[in-house]
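Asks: Sharing a model prediction with you, sequence too.
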Amino acid sequence: MIRTVFLTACMMLMSPNALWAENIKLAVTTSFHNSGLSEVLLPAIKDDLELTVQLLVVGTGQALRLGEAGDVDAILVHSRKAEEAFLSAGFGTHRREIMYNDFVFIGPVDDPANVGASETAVAALQKIAVARSPFVSRGDDSGTHKKERSLWQAASLETGEFGSWYRSAGAGMGASLNTASGMNAYIMADRASWLNFGNKGDLALLFSGDPVLFNQYAFLPVNPVLHPHVRNDLALKLEEWLIGDRARELINSYTVSGETLFIFNAGPND
Amino acid sequence: MTELFEGLKAAFLLLVRLDADLVEITLRSLQVTLSALVIASAIALPLGAILAVRRFRFRRATIAVLNALMGLPPVVVGLCVYVMFSRSGPFGVLGLLFTPTAMIIAQVIIIVPLIASIAHQSLRDLWAEYHDLLISLNTTQRQRIATLLWDGRRALLTASLAGFGRAIGEVGAIMVVGGNIDHATRVLTTAIALETGKGNFALALGLGFILIALAIAVNFAIHWLTRTEVEGRW
């Protein structure tokens, strides 16, 4: 008898899931998700719009690919050049800027390359290259990685020519921070991921505040002409909410360890 | 080292509080893996028996390929399933990507070669024993396969449990095809990967201990249900 009941219970467990309420698939970057902001925004969106946002947490490169293939309804990423390429190829309908945060340089507390005293982000990178201090790069073609490469370029340095001190982790923000923490290396991270990171070890925030480090997040609905099945109506509804007053208040008032992480700056369509 | 104890503490706290999210992802882990196990066993066990009983042209090659596929890299399987079920792929219209169904499909592909190989190995020995008897009784092929499957059920259970073990701890494939969506496709292994990424090693380890306990519990349950190792019954 017990066995029969147990087997029936197993069968019920295997039956298909109940149908979901209205939901939208949104590809977001790891840095956005690690910030914890989504845990504030998602419940509010559910309350106001009765809409469940299913987050796919990937790098910007993969997020754009998911959008191109029509596997998500919209994307929220932070790499302007890649976004513009995405739009000009017709994969998205438009680009809406929502908010920005900033990148920071993390490194060993004793700061062997003296990055903390730098005037600009580019100067900081040059110091690391001169000192040949270990530096962990995301190496996954994400928005953060693209930003880092553009900064090395601005410093007229070629990452391909670096020695073994330049280590390409090929992983998300959190995993790369773990690597940097394990090797006591320098790394560029977004402020939100850093503040929320639980395995800081001997690392500390050494440099921030250069305007080139500002990091603009934009919302791009996937083009329903290419992929008729995407829920463009829901994407527009979500966008409407994201540029509204409720979102402004929640985004601007979100803090971790007393620091404001995101600044709301929703603007007109590009 | 202290992290291990922190992990044990985290696991204990999660269990005591019967954390709602934990229950959800644990049940989903079980749902996905057990479904995959049932489907894969239904394919792989008869396949193993056919390979033991029938003689055909490419039998040796089939067995060799099956053995090689035991080491199928999950990430590659995940990527293939992703490409097939992506909206721009051949099965895109089904809309199965980022659902538990896609995760089940990926796991079935991963564990079928494993279960079939182990099943074939043990049924081959059994077939050597039964060969003369079953031939002299003038049995049909179907009857021979049925006899082997029934009499070899204990060994086949081991084959299935090996498949379960591979599927429950798998993260590469289901991360790609499931997407680790909260309240939709998050399971224990992807949650562990996520918490590791956040640097929350204690919580990640805690979830890991729960995963191990779950695997042990399922194995015990299956042994109990099928009454193995009971005195006088073998």
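Replies: Great, that's in hand.
Asks: which residues of the chain fall in helices?
Replies: All of this is about chain A. A:2-14, A:30-34, A:38-49, A:60-69, A:80-88, A:121-131, A:143-154, A:173-183, A:191-196, A:232-242, A:245-253 (DSSP state H).
Asks: Chain B was what I was after
Replies: Using DSSP H, helices in chain B cover B:2-17, B:20-53, B:59-69, B:74-85, B:100-136, B:141-151, B:153-168, B:172-178, B:188-197, B:201-225.
Asks: what helices or strands is the second one leaning on?
Replies: Of the remaining helices and strands, those touching helix B:20-53 by 3 or more Cβ pairs under 8 Å, 6 or more residues apart in numbering or on different chains; DSSP states H and E are helix A:2-14, helix B:59-69, helix B:100-136, helix B:141-151, helix B:153-168, helix B:188-197, helix B:201-225. In this view, the C-beta of every residue, glycine as well, is placed from N, C-alpha and C.
Asks: Would you enumerate the residues in contact with residue B:15?
Replies: Residues in contact with residue B:15 (Cβ atoms under 8 Å, 6 or more residues apart in numbering or on different chains) are B:22, B:210.
Asks: So it versus chain A, what's the distance?
Replies: Separation of residue B:15 from chain A (Cβ to the nearest Cβ, to the nearest Å) stands at 19 Å.
Asks: one step back: with distance to residue A:106 and mean pLDDT added, can I get the helices and strands packed on helix B:20-53 in CSV?
Replies: Shown next, in CSV, are the helices and strands packed on helix B:20-53 (distance: least, Cβ to Cβ, whole Å; pLDDT from 0 to 100):
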stretch, distance to residue A:106, mean pLDDT
helix A:2-14, 44, 58
helix B:59-69, 43, 93
helix B:100-136, 35, 94
helix B:141-151, 59, 92
helix B:153-168, 36, 92
helix B:188-197, 16, 89
helix B:201-225, 18, 90
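Asks: out of the ones you listed, nearest to residue A:205?
Replies: helix B:188-197 (19.3 Å; Cβ to Cβ).
Asks: Residues touching that closest one, excluding its own?
Replies: So helix B:188-197 is contacted by A:30, A:34, A:57, A:172-175, A:178, B:25-26, B:29, B:168-171, B:174-175, B:178, B:180, B:186, B:201, B:203-204, B:207-208, B:210-211, B:214 (Cβ under 8 Å, 6+ apart).
Asks: tell me the angle of that helix relative to helix B:201-225?
Replies: With axes from the mean of the first three to the mean of the last three Cα atoms, to 10 degrees as the basis, helix B:188-197 and helix B:201-225 are set at 170 degrees to each other.
Asks: Spell out which parts of chain B neighbour chain A.
Replies: Proximity of chain B to chain A (Cβ under 8 Å from any Cβ of the partner chain) is limited to residues B:27, B:30-31, B:34-35, B:38, B:86-89, B:92, B:95, B:97-98, B:100-101, B:179-184, B:194, B:196-201, B:221, B:225.
Asks: List only buried entries from the residues you listed.
Replies: Among those, the ones that count as buried by 16 or more other Cβ atoms under 10 Å in any protein chain shown are B:30-31, B:34-35, B:86-87, B:89, B:92, B:97-98, B:100-101, B:179-182, B:184, B:194, B:196-201.
Asks: Compare the helices of chain A and give me the one nearest chain B.
Replies: For chain B, the closest of those is helix A:173-183, at 3.1 Å, according to Cβ to the nearest Cβ.
Asks: sorry, back to before: the helices and strands packed on helix B:20-53: which one's closest to residue A:100?
Replies: Counting by Cβ to Cβ, residue A:100 lies closest to helix B:188-197 out of those; the figure is 22.8 Å.
Asks: any idea of the angle the closest one forms with helix B:100-136?
Replies: Calculated by the same axes, to 10 degrees, helix B:188-197 forms an angle of 140 degrees with helix B:100-136.
Asks: Only alpha carbons, please: show helix B:188-197 as PDB.
Replies: In PDB, the C-alpha atoms belonging to helix B:188-197 read as follows (Å, rounded to 0.1, in the frame of the first residue of the first chain):
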ATOM      1  CA  LEU B 188      19.800  22.400  -7.500                       C
ATOM      2  CA  THR B 189      22.900  22.200  -9.700                       C
ATOM      3  CA  THR B 190      22.300  25.500 -11.500                       C
ATOM      4  CA  ALA B 191      21.500  27.200  -8.200                       C
ATOM      5  CA  ILE B 192      24.900  26.000  -6.900                       C
ATOM      6  CA  ALA B 193      26.600  27.400 -10.000                       C
ATOM      7  CA  LEU B 194      24.800  30.700  -9.400                       C
ATOM      8  CA  GLU B 195      25.700  31.000  -5.700                       C
ATOM      9  CA  THR B 196      29.300  30.100  -6.500                       C
ATOM     10  CA  GLY B 197      29.300  33.000  -9.000                       C
END
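Asks: so which residue of the stretch 1-150 of chain A comes closest to chain B?
Replies: For the stretch 1-150 of chain A, Cβ to the nearest Cβ, closest residue to chain B: residue A:70, 3.7 Å.
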